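**Student:** Need a 3D model of the following:
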Amino acid sequence: MITVYGYIGAPSAGLREAVAGASLVVGGQRHLDALGVPDDRRIVLGRIGPAIDALQELPAEDRAVVIASGDPLFYGVVRRIRAAGLKVRVVPTVTSLQLAFAAVALPWDDALLVSLHGNDPAPALEALRTHPKVGLLTDGRTGLPQIVAATAGLGRSYVLAERLGEHDEQVRVLSEEQARVVTDIAQPNVVLVLAHHPDDAAAIGEQTAIAGGARPAGAEA
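**Tutor:** The predicted structure is shown next:
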């Protein structure tokens, strides 16, 4: 049986118990180290292909645990694992974007949500210019500097949320001028790009029946 666990901040008791009884544990280096997984039972995630090969070769009676950052169903590994024909049980947690919106008390059902991980950033960066509330999963190539450059002159506010759930978590609300000069950015991080400061009533937006599909009334491009 393969169980995919979401992980953010600290491992749950359930995850620790599952890892202790698993024949194979797949996850990021920091997750595996935090859980003390022995080298002979771990596969460090980089490319997903080798991990899928190992999961496919695992005897049916053995237990495997896959650890994913945030919610494994949101831009996570479950899609690739299921596409390979493997059946999984999923134990989700909140996404880092959900934590970022919560940190500034903004509803996120009207937000456009984007992953820059391994993707062409151009469509996402273009969307920042037209949508008033965007949450972005950044990567090493496209982060706050590129995001600010793509929205230059639009008067956007930026929420830089670093190492969410960790003991050194930091959430900063920045103007364009402030965001341009930030250099001490910790990984991992996510960024919210807002047409209004999060404390402005206009940033709250309006609830619609289609999540992320409508621009709040009165919002500026």
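**Student:** Can you pull out the low-pLDDT segments for the protein?
**Tutor:** For the chain, the stretches flagged by pLDDT under 70 are 213-221.
**Student:** how does it divide into domains?
**Tutor:** Residue ranges for each domain of the chain read 2-91, 96-204, as given by automatic domain parsing.
**Student:** With distance to Ala211 and mean neighbour count as new columns, can those be given to me in CSV?
**Tutor:** Placement of C-beta: from N, CA and C, glycine included. Listed next are the domains of the chain as CSV, based on distance: least, CB to CB, whole Å; neighbours: other CB atoms under 10 Å:
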stretch, distance to Ala211, mean neighbour count
domain 2-91, 13, 16
domain 96-204, 5, 17
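**Student:** May I see those organised as CSV, with distance to Ile210 added?
**Tutor:** Formatted as CSV, these follow (distance: least, CB to CB, whole Å):
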stretch, distance to Ile210
domain 2-91, 18
domain 96-204, 9
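**Student:** so how far is the first residue of stretch 76-96 from its last?
**Tutor:** Start-to-end span of stretch 76-96 (CA to CA, to the nearest Å) is 12 Å.
**Student:** Mind listing residues that contact it?
**Tutor:** 1-8, 14-15, 45, 48, 52, 55-56, 66, 68-74, 137, 161, 164-165, 188, 190 (CB atoms under 8 Å, 6 or more residues apart in numbering).
**Student:** Please narrow the residues you listed to those residing in helices.
**Tutor:** Gly14, Leu15, Ile48, Ile52, Leu55, Gln56 (DSSP state H).
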